[in-house]
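Trainee: build me a model from this:
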Amino acid sequence: METGSLWMAWQADLESVILLIAIQSVYLLGVGPLRQRNNWAEDVDPRQIATFTLGVLVIFIALASPIHVVSENYLFSVHMLQHVLLTLVAPPLMVRGIPDWLIRPLLRPNWSFKVARALTHPIGAFLAFNIVFSIWHIPALYNASLTNHGIHIAEHIMMISTAILMWWPLTSTMPELPRVSYPMRIMYLFGLSVAQLIVFGALTFAGEPIYGFYVDAPRISFMTALTDQQIGAVIMKVGGGLLFLGLLIVTFYRWYGEEERTRKAHRRQRNYPTSLEDTPT
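Mentor: This is a model prediction of the structure:
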């Protein structure tokens, strides 16, 4: 295939398409017929449907567009872009798009709620995502995922699943499994922004390419295999770091704004009478 045509090639694995169709279908069934039949809610916010669907669409683009073709055959840097879409873009959209009443029936068994609470605990979720992400970048496993289709599917499923857990403490819509407080959110985001430094350092400062698959891949750009690896590390770490630091700043200003509104409300309560008995005669 000519280099120019690579960036126009759409090629989806049948398993990925079937799984995404199944996920979207189950979601639409839940917010539609099942909601009405079981009286889970009077209505559903169209914005949540759009948000969840956008998350599924991002996964489809990552797994079916030219990003998928190039990442699977030629460039490590594009593969890192694919991983950013799968772990940092799609999961928070999907979590924000799930109404709390849609998940609640699944948590009615006490054991189910306990498992969900443990999985979405910020410490466990943080460790699960970063450990899984780091392990899959060990050269032996990474090269195996590129040469074995089943292993590659397992890699993506594990990354997306743990990314959903990682985003849950930040984007949850459920009072039972809530988002963490503003101070905890700031610490959590800071931790995410500096996580995986070992992987980043190994990829960036290696004297030679780590992944043999991309060394042997046909060169479709000006980049050497080592340069491609270093650019991929920048996309993985710097891109993710900037995202988390940006969210940290937004979180801090929201926290500050809420504290200011609370202080002003308290001052108003102190300065104005709240009942007829307090009114001077």
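Trainee: so after the helix or strand of the chain with the lowest mean pLDDT, what's the next helix or strand?
Mentor: One helix or strand of the chain scores below all others by mean pLDDT, DSSP states H and E: helix 3-6, with a mean of 66. As assigned by DSSP states H and E, the chain's next helix or strand after helix 3-6 is helix 14-29.
Trainee: what are the contacting residues of that next one?
Mentor: 49, 52, 53, 56, 59, 60, 63, 64, 97, 98, 102, 153 (C-beta atoms under 8 Å, 6 or more residues apart in numbering). For the C-beta atoms, the positions are set from N, CA and C on the backbone; glycine is no exception.
Trainee: what's the pLDDT at the fourth one?
Mentor: At residue 56, the model reports a pLDDT of 97.
Trainee: mind checking the SS state of it?
Mentor: helix (DSSP: H, G, I helix; E, B strand; the rest coil).
Trainee: return the distance of the closest residue to it other than its chain neighbours relative to residue 12.
Mentor: The shortest distance from residue 56 to any non-neighbouring residue, by C-beta to C-beta, 6 or more residues apart in numbering, is to residue 24 (5.1 Å). As judged by C-beta to C-beta, to the nearest Å, residue 24 and residue 12 stand 14 Å apart.
Trainee: show me where this structure has strands.
Mentor: For the chain, applying DSSP state E gives no strands.
Trainee: can you check the distance spanned by stretch 172-183, start to finish?
Mentor: End-to-end distance of stretch 172-183: 16 Å, with C-alpha to C-alpha, to the nearest Å as the criterion.
Trainee: which parts of that stretch are buried?
Mentor: 172, 173, 174, 177, 179, 180 (16 or more other C-beta atoms under 10 Å).
Trainee: quick one: contacts for the fifth one?
Mentor: This means residue 179. By C-beta under 8 Å, 6+ apart, the contact set of residue 179 is 169, 170, 171, 172, 185.
Trainee: tell me the two of the residues you listed that are most distant?
Mentor: 172 and 185 (11.2 Å; C-beta to C-beta).
Trainee: just send the contacts of helix 14-29 back as CSV, with neighbour count and distance to residue 115 too.
Mentor: Below are the contacts of helix 14-29 laid out as CSV (neighbours: other C-beta atoms under 10 Å; distance: C-beta to C-beta, whole Å):
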residue, neighbour count, distance to residue 115
49, 16, 27
52, 23, 22
53, 16, 27
56, 18, 24
59, 22, 24
60, 18, 29
63, 24, 28
64, 17, 32
97, 23, 22
98, 21, 17
102, 22, 18
153, 16, 24
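Trainee: restricted to helices, list the residues you listed.
Mentor: 49, 52, 53, 56, 59, 60, 63, 64, 102, 153 (DSSP state H).
Trainee: ok, for residue 13, nearest residue in space, not its chain neighbours?
Mentor: Counting by C-beta to C-beta, 6+ apart, the residue nearest residue 13 is residue 63, at 6.9 Å.
Trainee: my guess is the one you found meets residue 156, correct?
Mentor: Yes: between residue 63 and residue 156 there is a contact under C-beta atoms under 8 Å: 7.4 Å.
Trainee: shared neighbours of these two, which are they?
Mentor: In contact with both residue 63 and residue 156: residue 86, using C-beta under 8 Å, 6+ apart.
Trainee: for the nearest residue in space to residue 254 that is not next to it in sequence, which residues are in contact?
Mentor: Among residues not flanking residue 254 along the chain, residue 182 sits closest, at 7.1 Å (C-beta to C-beta, 6+ apart). Residues in contact with residue 182, defined by C-beta under 8 Å, 6+ apart, are 251, 252, 254, 255, 258.
Trainee: from residue 257, how far out is residue 182?
Mentor: 10 Å.
Trainee: what does residue 27 give?
Mentor: From residue 27 to residue 257 the distance is 33 Å (C-beta to C-beta).
Trainee: what helices or strands is the longest helix seen in the chain leaning on?
Mentor: When the chain is parsed with DSSP H, its longest helix is helix 225-271. Helix 225-271 makes packing contacts with helix 76-84, helix 182-194, helix 197-205, helix 212-216 when contacts are defined by 3 or more C-beta pairs under 8 Å, 6 or more residues apart in numbering; DSSP states H and E.
Trainee: quick one, which of those gets closest to residue 116.
Mentor: helix 182-194 (18.2 Å).
Trainee: average pLDDT for the closest one?
Mentor: Here the average pLDDT along helix 182-194 is 94.
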